[in-house]
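Colleague: Starting from these lines, generate the structure:
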Amino acid sequence: MTIPDTKAVRAFLEERHVGRAAEAAAFSASELKPRPEPRDDDAARSDARALLGRIGAAGWLAPIRDQDWRGCCLVREALAAASPLADAVFALQGLGTLPILLSGNGGMRERWVDAAIAGRAMAAFAMTEPEAGSDVAAIQTTARREGDVYRLNGTKTLISNAGIADFYTVFVSTDPGARGKGISCLVVPGDAPGLKFVKPQVLSAPHPLGEIAFQDCRVSTANRLGEEGRGMALGLQTLDRMRATVGAAACGMAARAFDEAHGHARARKQFGKPLAEFQLIQEKLARMATDLTAARLLVYRAAWAADKGADRVTLEAAMAKAFATEAAQRIVDDAVQILGGAGALASHPVDRLYRSVRALRIYEGTTEIQHLVIAGQLMQESGA
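Modeller: Reported below is the predicted structural model:
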């Protein structure tokens, strides 16, 4: 199976996408797939910077700037199949820069976007807090306006690229009494006085995650993205666009796991014949392939709708992320089962995928939140 498999989703693609998908697959196979997994958190942070430079220099971040969502999905599929860390780097460049693009803040675009797309500036997206995960309106980090600056105080947790980002797209409360209607979005340079890297938060799959704090951190009002109090809408619009690409990353990981399992089942002999000739193994492979194809169709439907100019793709993106990430978890787990003991070895690519795929079901909105979003959209469409 090719990764990404453009044949399965050809109806949603333009000819230019097919060529770029092949190029992304070739780049990922030659430049990323041979790289060893980082040995620890420090190595993951160093590798993330190196990967950013390589991916940016090769032009693979351009679909973010162009808001070509099918292009983003194809790139994320290819990256995730070869290197989950490379995919995470891509994801954060998208999350950190898209609010700047959507807001129309020319100064922040000039300062950060070109550098981020070229791989010279690392982005971070700082929304989550100890008491504000799925409930974005519960953000407690405050930004008090004092003339032409904001003074920030608070803590952000589970932030990818914490401690190594050149800039953070930060969601803060400028009017605590207004909850969601009092959330604003600011771009905070990584070297801003009062911005502190508190500690790393180590995942089972190497990934630069951590906690940051703002202690009387002063940021110019010129760094605000959009109107004051409109940050939550900007954040949700960003997630609307990026969620389908999370589903694409899940498809990439699932496709790599399927290929590893399929190849093993054909080559490995037990009881005098290849594993692939056993009906229970065939049943797993059939289910894996069907789930993967269904996931891809949902992902590229959502990306196609976004590219065609839909104001919101809330329903499509939620369906894509929920189904694709859950399906990927099942596919990777089945791959481990087919591979047997080899699939549980830390040195095997499928073990790396097993540890990496789990987070996709949580970040940018858990599966449970996606189900609530889907139900809410259906109720809205029915007039209930």
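Colleague: now the strands: where do they sit in the protein?
Modeller: For the chain, applying DSSP state E gives strands covering 123-126, 142-146, 149-160, 167-173, 183-189, 195-200, 209-220, 269-270, 273-274.
Colleague: Kindly reformat these as JSON lines and extend each row with distance to residue 309 and mean neighbour count.
Modeller: Yep, even glycine has a C-beta here, placed from its N, CA and C like the rest. Formatted as JSON lines, those follow (distance: least, C-beta to C-beta, whole Å; neighbours: other C-beta atoms under 10 Å):
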{"stretch": "strand 123-126", "distance to residue 309": "24", "mean neighbour count": "29"}
{"stretch": "strand 142-146", "distance to residue 309": "33", "mean neighbour count": "16"}
{"stretch": "strand 149-160", "distance to residue 309": "29", "mean neighbour count": "21"}
{"stretch": "strand 167-173", "distance to residue 309": "24", "mean neighbour count": "27"}
{"stretch": "strand 183-189", "distance to residue 309": "23", "mean neighbour count": "25"}
{"stretch": "strand 195-200", "distance to residue 309": "37", "mean neighbour count": "16"}
{"stretch": "strand 209-220", "distance to residue 309": "33", "mean neighbour count": "20"}
{"stretch": "strand 269-270", "distance to residue 309": "53", "mean neighbour count": "11"}
{"stretch": "strand 273-274", "distance to residue 309": "49", "mean neighbour count": "12"}
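Colleague: Serialize these to a markdown table and add fields for distance to residue 12.
Modeller: Formatted as a markdown table, the strands of the chain follow (distance: least, C-beta to C-beta, whole Å):
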| stretch | distance to residue 12 |
| --- | --- |
| strand 123-126 | 27 |
| strand 142-146 | 40 |
| strand 149-160 | 28 |
| strand 167-173 | 29 |
| strand 183-189 | 31 |
| strand 195-200 | 39 |
| strand 209-220 | 33 |
| strand 269-270 | 40 |
| strand 273-274 | 35 |
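Colleague: out of those, which comes closest to residue 257?
Modeller: Relative to residue 257, the nearest member of the strands of the chain by C-beta to C-beta is strand 273-274, separated by 18.8 Å.
Colleague: counting contacts, what elements does that closest one pack onto?
Modeller: For strand 273-274, the packing partners by 3 or more C-beta pairs under 8 Å, 6 or more residues apart in numbering; DSSP states H and E come out as helix 231-267.
Colleague: Centre of the chain to the helix it packs on, how far?
Modeller: 8 Å (C-alpha atoms, centre = their mean, to the nearest Å).
Colleague: Quick one: list the elements packing against that helix.
Modeller: For helix 231-267, the packing partners by 3+ C-beta pairs under 8 Å, 6+ apart come out as helix 69-82, helix 84-103, strand 167-173, strand 183-189, strand 273-274, helix 279-307, helix 314-339, helix 349-357.
Colleague: Repeat the analysis, applying 7 Å as the threshold.
Modeller: Counting contacts by 3 or more C-beta pairs under 7 Å, 6 or more residues apart in numbering; DSSP states H and E, helix 231-267 is packed against helix 69-82, helix 84-103, strand 183-189, strand 273-274, helix 279-307, helix 314-339, helix 349-357.
Colleague: What's the mean pLDDT across that helix?
Modeller: Helix 231-267 shows a mean pLDDT of 96.
Colleague: Please apply the same query to stretch 314-326.
Modeller: 97.
Colleague: State the distance from the residue most central in space within the chain to residue 360.
Modeller: Centroid-nearest residue in the chain: residue 91, 4.0 Å away (criterion: C-alpha atoms, centre = their mean). According to C-beta to C-beta, to the nearest Å, residue 91 stands 10 Å off from residue 360.
Colleague: need the contact list for the residue lying closest to residue 349 once chain neighbours are set aside.
Modeller: Nearest residue to residue 349, sequence neighbours excluded (C-beta to C-beta, 6 or more residues apart in numbering): residue 260, at 6.0 Å. Going by C-beta atoms under 7 Å, 6 or more residues apart in numbering, residue 260 touches 335, 339, 349-350.
Colleague: In TSV, list those along with distance to residue 299, pLDDT and neighbour count.
Modeller: Below are these laid out as TSV (distance: C-beta to C-beta, whole Å; pLDDT from 0 to 100; neighbours: other C-beta atoms under 10 Å):
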residue	distance to residue 299	pLDDT	neighbour count
335	20	98	30
339	26	97	23
349	22	94	19
350	22	96	25
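Colleague: Quick check: of these, which lies closest to residue 379?
Modeller: Among these, residue 335 lies closest to residue 379 (C-beta to C-beta), at 37.1 Å.
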